[in-house]
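S.K.: here are the coordinates; sequence isn't available:
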Ligand code: HEM
């Protein structure tokens with residue numbers, strides 16, 4: 001099937017909910033117009049970048065393609081960009097500075113590098129190796145809980161019963177949040193991407209109002225934590241103590257900066273890893289040969305995790321602003337233009353990945369760019385991989401007993417997407 005490129009839809013959240021990722025459209029763009037001027041009534045124009053080499057070229061050159069320009073995430077005309085729509089009511093009530101970048105994803109070097117360093121020590125491979133056994137135990141416990149629900153009810157939602165739990169627990173433990181607060185974190189962090197379950201919308205509230213209220217509640221919770229850790233002697237979390245005492249250009253972060261930092265770490269680690277876990281389970285359940293191979297050869301877990309990451313690519317896109325006239329993939333760009341890189345498209349580029357639409361847990365090498373590349377390369381890469389390893393390891397013995405019910409919903413979002421609900425039942 002061929003598309004009229006002037007009519008394809010890459011920008012409406014509903015499209016991602018109803019039809020999933022625009023794989024066929026991205027394929028055609030990579031073949032015919034890899035740096036494509038995307039102009040639609042509903043959104044300011046941008047250049048859609050779909051080939052692997054061009055996504056890398058943008059990501060590698062953080063001086064020519066900056067994060068701190070006017071656009072970082074796709075937003076429709078008239079709608080505030082996620083996390084940047086001016087100060088929310090909480091920020092206004094605290095007299096926060098509207099010119100402050102909302103978090104490190106909006107910063108460029110040197111400030112970006114310095115601020116990122118205040119937390120990167122907690123996400124190293126070494127830290128994750130130390131946490132692996134504990135993550136395994138947590139994942140086994142959560143899997144056991146899901147199997148008990150299945151035994152009782154016959155079917156359940158894989159997202160709520162399993163995929164959502166380890167990301168919350170792992171981020172919660174690293175940051176030092178009380179286990180009793182993890183569940184509430186899920187409701188709050190969903191609100192960051194505008195997703196609020198009906199039971200969390202109060203009577204008379206719209207979903208948008210409920211999202212705003214939830215985010216304010218989360219900011220209030222973080223504010224109390226920060227104050228607690230500012231006390232002489234610090235608070236119970238080593239991570240927050242270090243963040244509170246850290247400096248950028250010799251100055252400690254203020255309340256607004258600390259609040260936004262924790263807000264990002266909690267938000268960035270939850271829906272992404274949850275979607276990779278759910279998408280990974282779908283891929284294995286829909287490919288019984290790969291499922292059986294992994295069960296027979298658990299030593300393939302490492303390459304299976306990378307293939308799940310390439311296959312699911314939960315972060316769809318990021319935007320950058322061009323700082324000088326240049327040429328990308330043969331297309332001239334002007335200073336001030338916006339480019340939008342599409343990671344899932346780069347991960348299906350057949351000049352890099354042989355037979356890219358084959359899900360193959362043995363794929364090696366697998367240079368996917370699911371975590372981006374360059375200066376802003378995902379800070380939580382090691383954590384996300386450690387979580388996926390643990391949850392897949394725990395799932396292996398039960399996977400052959402599960403099947404999809406066909407009842408699923410996808411998230412309406414152009415930045416991070418995947419399943420908000422996935423029905424599973426015990427195989428007949
Ligand atoms: C499967 C799970 C995940 C995926 C697919 C993912 C993907 C990404 C991507 C594509 C970026 C932007 C990279 C770029 O601009 O080059 C990013 C940035 C980031 N991610 Fe992740 N991520 C995941 C899990 C996590 C986790 C568990 C955390 C926990 C802390 C995290 C924290 C961050 C942060 C803080 C940034 C901003 C880094 C910066 O701007 O310097 N992510 N992630």
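M.R.: Arrived safely, thanks for sending. Just so it is clear, the structure is predicted and the values come from calculations on it, not from any experiment. Residues are numbered from 1 along each chain as shown.

S.K.: Now do the contacts for the residue in the stretch 101-250 of the chain positioned nearest to the ligand.
M.R.: Going by CB to the nearest ligand atom, the ligand is nearest to residue 105 of the stretch 101-250 of the chain, at 4.1 Å. Backbone N, C-alpha and C define where each C-beta goes, glycine included. Counting by CB atoms under 8 Å, 6 or more residues apart in numbering, residue 105 touches 67, 72, 264, 318, 376.

S.K.: Can you say which helix or strand has the second one in it?
M.R.: Remark: residue 72 resides in no helix or strand, with elements defined by DSSP states H and E.

S.K.: Please verify my assumption that it contacts residue 66.
M.R.: No: judged on CB atoms under 8 Å, residue 72 makes no contact with residue 66 at a distance of 9.6 Å.

S.K.: neighbour count winner among these two?
M.R.: Counted by other CB atoms under 10 Å, residue 72 and residue 66 do not tie: residue 72 has more neighbours, with 24 against 19.

S.K.: average pLDDT across stretch 155-170?
M.R.: Averaging pLDDT along stretch 155-170 gives 95.

S.K.: What number of residues are in the vicinity of residue 397?
M.R.: The local packing of residue 397 (other CB under 10 Å) involves 13 other residues.

S.K.: can you check residue 200 too?
M.R.: Residue 200 - counted by other CB under 10 Å - has 17 other residues nearby.

S.K.: contacting residues for it?
M.R.: For residue 200, the contact set (CB under 8 Å, 6+ apart) comprises 187, 210, 214.

S.K.: tell me the pLDDT at it?
M.R.: With respect to pLDDT, residue 200 has a value of 79.

S.K.: Please apply the same query to residue 246.
M.R.: According to the prediction, residue 246 has pLDDT 96.

S.K.: Pretty sure it sits against residue 261.
M.R.: No: counting by CB under 8 Å, residue 246 stays clear of residue 261, with 9.5 Å between them.

S.K.: more neighbours, those two?
M.R.: Taking other CB under 10 Å, residue 246 and residue 261 do not tie; residue 261 has more neighbours (22 against 17).

S.K.: Please look at that one and residue 253 and confirm they touch.
M.R.: Yes: using CB under 8 Å, residue 261 makes contact with residue 253 at a distance of 6.8 Å.

S.K.: any shared contact partners between those two?
M.R.: Any residue near both residue 261 and residue 253 by CB under 8 Å, 6+ apart counts here, and that gives 115, 118, 243.

S.K.: which of those residues lies closest to residue 53?
M.R.: Of all those, residue 115 has the smallest distance to residue 53: 29.8 Å, by CB to CB.

S.K.: Now for the closest one, how many residues are close by?
M.R.: Residue 115: 20 surrounding residues under other CB under 10 Å.

S.K.: show me what contacts it?
M.R.: For residue 115, the contacting residues are 104, 107, 248, 253, 257, 261, by CB under 8 Å, 6+ apart.

S.K.: Mark which of those are part of helices, please.
M.R.: Within the contacts of residue 115, residues falling in helices by DSSP state H are 257, 261.

S.K.: Most neighbours of all the contacts of residue 115, which one?
M.R.: Neighbour max across these (other CB under 10 Å) = residue 104, 25 neighbours.

S.K.: thought it was touching residue 265?
M.R.: No: checked against CB under 8 Å, the pair residue 104 and residue 265 is beyond contact range at 9.6 Å.

S.K.: what sits in contact with each of these two?
M.R.: Both residue 104 and residue 265 are in contact with residue 379, where contact means CB under 8 Å, 6+ apart.

S.K.: quick one, strands of the chain?
M.R.: For the chain, applying DSSP state E gives strands covering 35-40, 43-49, 65-66, 155-157, 247-248, 251-252, 317-322, 326-328, 331-333, 338-342, 402-410, 419-426.

S.K.: what's the closest of the ones you listed to the ligand?
M.R.: Using CB to the nearest ligand atom, the strands of the chain put strand 317-322 closest to the ligand, at 5.1 Å.

S.K.: can you state the direction angle for the closest one and strand 43-49?
M.R.: 90 degrees (axes from the mean of the first three to the mean of the last three CA atoms, to 10 degrees).

S.K.: and strand 317-322, average pLDDT?
M.R.: 98.

S.K.: before we move on, back to that, neighbour-wise, give me the winner out of the contacts of residue 200.
M.R.: residue 214 (21 neighbours).
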